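Asker: give me a 3D structure for the following:
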Amino acid sequence: MPGSAKARSRTAARTRGSKPCLPPTDGPLVCDWIESFLVHGEGDWLGRPFRLTDDQRRLVYRIYERRPDGRRRYRQVLYGRPKGYGKTEVAAALALAELAGPFAPVAPDIPVAAASFEQANLLFGTARTMISEGPLRNYLEVYEKEILRKDGPGRLYRVAAVAGTNDGGRHTFRVADEVHEWEGHKERVHLVLTNGLAKRRDSWALDISTAGCDADSLIGWLYEKGKMIKCGEISDDSFLFDWQEHPDQDCDLSTQTAVRAAVEAAYRGAGKHVDLERIVARFYEIPEYEFRRYYLNQFTPTARAWLPTGAWQACQAADTAPPAPGTRVVLGFDGSYSGDSTALVGATLGANPYLFVAGCWERPEGREDWLVPREEVRAVVADAFERWKVRELACDPPGWFREIDEWAEQYGGNIVVKYPTNNARFMSESCSRFYSAVVARELTHDGDPRLSRHLANAVVKETPAGAYITKPSHASAKKIDLAVAAVIAHDRAVHARPTPKPRLIWLHEVQ
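Answerer: As a prediction, this is how the structure comes out:
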């Protein structure tokens, strides 16, 4: 293909470069190829030579980083930007680079996928226009549903998730457009297409999307994984999370000036093609939660979500260290055997308690045989009693009756109490008190990202006895155990008092 040999001859010089501290990357060569052989697709810039923005160039540099052994560093990339940012066009350019660029593999096989035929055709149609209107038209065959190399095997083709599983492929690269629309059975298609990458050396996947409205969805899972990697909760150096959103989930949109400032922050680095004034005008044409999702690229809670956007973050304490040794605290414990997580949250006493995560145990991804390390849990509880003056240990008991009995015998039956989270009326009142304290900023917390995530996972269940928090669905993998433990700890922090009987009790006996 044109430019390939020339590009490869410059690889060593470009990857060494003048900044030895940076990882070696083929990005400069790929950027050169894109700008030499591709043109812009349909729109105001149709047919003009493709010019990458600084943000797009940075993305390409990162995508094409190499490990010390020469292998590709990233096997999966999540690229999130607001609506109209130019995601689809840069994805089409990358797909063509994988088909015919300087580092295209032997016999490239590239599905261009979306949730519907219409959306898939936007990406595929952009790639087709880049060829038909530019220098590559003499080197590639362009058809209605596929693009073929003329000099040998190589295929880029359109796929819609509604078409079936598309199993059996040997893909070298896969791009999925607007992943927030891949819902229901379409998630299975995404899985199958991604599985096909395992059959080829150095293959990789690109997912592009704006934010979604359901955390328990494909885009929600990918976004959550990226956030967990970014904050160090999990480690996966093959996953590149490149997501740009307005950093303040509760940013001011009360005036046109404020809306303009928010849009400028969300679209930083987008390029001259973005009409910021038109986007500002959209704020007055659609609901605010939709504007935040599409144009600020913020995940907006569903109608069933529990806490208001930004409310929990606003309660984070300036000093997020654990309480000093000897501080009087209560502990909320929510335990399980394996499927969920087990959580221990502490709270200082008083009308405005400080909440902190004392312990959390979650099943690692892919470990179906995992069990909660009970000895480790016992050790953390013992350490908490050693470090602080524990006024109460309130426990959600299912699966942990033996340990609770042991703790009651060791620490006292008036200290260790069972907390009936399965009592709808009781739990509803506790959740209501917690909600009010968060909204009124009558509590603070340590900013632990796991607790923030569990609270974001919690949704409201309405019952005749009242509303309380639960998982998004019975089969959901989203954890809320830390949220439950936080509700327990907060409730006991503001209500804990001596009980008249030195025995292990159910709290509703003394409320």
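Asker: so residue 364: helix, strand or coil?
Answerer: Here residue 364 is coil, with the state taken from DSSP: H, G, I helix; E, B strand; the rest coil.
Asker: tell me the contacts of it?
Answerer: By CB atoms under 8 Å, 6 or more residues apart in numbering, residue 364 lies in contact with residue 370. From N, CA and C alone the C-beta is placed, and that goes for glycine too.
Asker: is residue 204 in contact with residue 71, as I believe?
Answerer: No. Here residue 204 does not reach residue 71: they are 10.7 Å apart, not a contact under CB atoms under 8 Å.
Asker: more neighbours, the two?
Answerer: Neighbour count, other CB atoms under 10 Å: between residue 204 and residue 71, residue 204 has more, with 23 against 11.
Asker: just want the phi and psi numbers for the spatially closest residue to residue 177 that is not a sequence neighbour.
Answerer: Closest residue to residue 177 apart from its sequence neighbours, by CB to CB, 6 or more residues apart in numbering: residue 114 at 4.2 Å. Per-residue torsions, residue 114: phi -150, psi 170 (degrees, to the nearest 10).
Asker: and for residue 114, the neighbour number?
Answerer: For residue 114, the neighbour count with other CB under 10 Å is 27.
Asker: gap between it and residue 155?
Answerer: Using CB to CB, to the nearest Å, we find residue 114 at a distance of 18 Å from residue 155.
Asker: next: residue 479.
Answerer: With distances taken as CB to CB, residue 479 is found 42 Å from residue 155.
Asker: higher neighbour count, these two?
Answerer: The neighbour count for residue 479 versus residue 155, taken as other CB under 10 Å, is higher for residue 479 (23 against 16).
Asker: got the confidence number for that one?
Answerer: Residue 479 is assigned a pLDDT of 88 by the prediction.
Asker: so it sits in a strand?
Answerer: No. Per three-state DSSP, residue 479 lies outside any strand segment and is coil.
Asker: now do the same contact list for it.
Answerer: Contact partners of residue 479, counting by CB under 8 Å, 6+ apart, are 340-341, 362, 453-454, 457, 471.
Asker: by neighbours, which of those wins?
Answerer: Sorting those by how many neighbours each has (other CB under 10 Å) puts residue 454 first, at 28 neighbours.
Asker: distance check, that residue against residue 438.
Answerer: Distance from residue 454 to residue 438, counting by CB to CB: 14 Å.
Asker: and if you look at residue 158?
Answerer: As judged by CB to CB, residue 158 and residue 438 stand 47 Å apart.
Asker: repeat that for residue 341.
Answerer: Distance, residue 341 to residue 438, by CB to CB: 21 Å.
Asker: tell me which helix or strand in this protein has the weakest average pLDDT.
Answerer: helix 11-16 (a mean of 41; mean pLDDT, DSSP states H and E).
Asker: which positions in the following helix or strand past that helix come out as buried?
Answerer: Sequence order places helix 27-37 as the next helix or strand after helix 11-16, per DSSP states H and E. Residues 27-34, 37 are the ones in helix 27-37 that count as buried (16 or more other CB atoms under 10 Å).
Asker: okay if I get those as JSON lines plus distance to residue 223?
Answerer: Formatted as JSON lines, the buried residues of helix 27-37 follow (distance: CB to CB, whole Å):
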{"residue": "27", "distance to residue 223": "24"}
{"residue": "28", "distance to residue 223": "29"}
{"residue": "29", "distance to residue 223": "31"}
{"residue": "30", "distance to residue 223": "26"}
{"residue": "31", "distance to residue 223": "27"}
{"residue": "32", "distance to residue 223": "32"}
{"residue": "33", "distance to residue 223": "30"}
{"residue": "34", "distance to residue 223": "27"}
{"residue": "37", "distance to residue 223": "33"}
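Asker: check which helix or strand residue 462 maps to.
Answerer: Applying DSSP H and E, one finds residue 462 within strand 459-463.
Asker: that strand - contacts with which helices or strands?
Answerer: With contacts taken as 3 or more CB pairs under 8 Å, 6 or more residues apart in numbering; DSSP states H and E, strand 459-463 sits against strand 466-470.
Asker: between strand 459-463 and the strand it packs on, find me the angle.
Answerer: Strand 466-470 runs at 150 degrees relative to strand 459-463, counting by axes from the mean of the first three to the mean of the last three CA atoms, to 10 degrees.
Asker: any regions of the stretch 1-150 of the chain where pLDDT drops low?
Answerer: Scanning the stretch 1-150 of the chain for pLDDT under 70 picks out the ranges 3-21.
Asker: can you give me the strands for it?
Answerer: Using DSSP state E, counting those that start in this stretch, the strands of the stretch 1-150 of the chain run over 76-80, 109-114, 140-142, 146-149.
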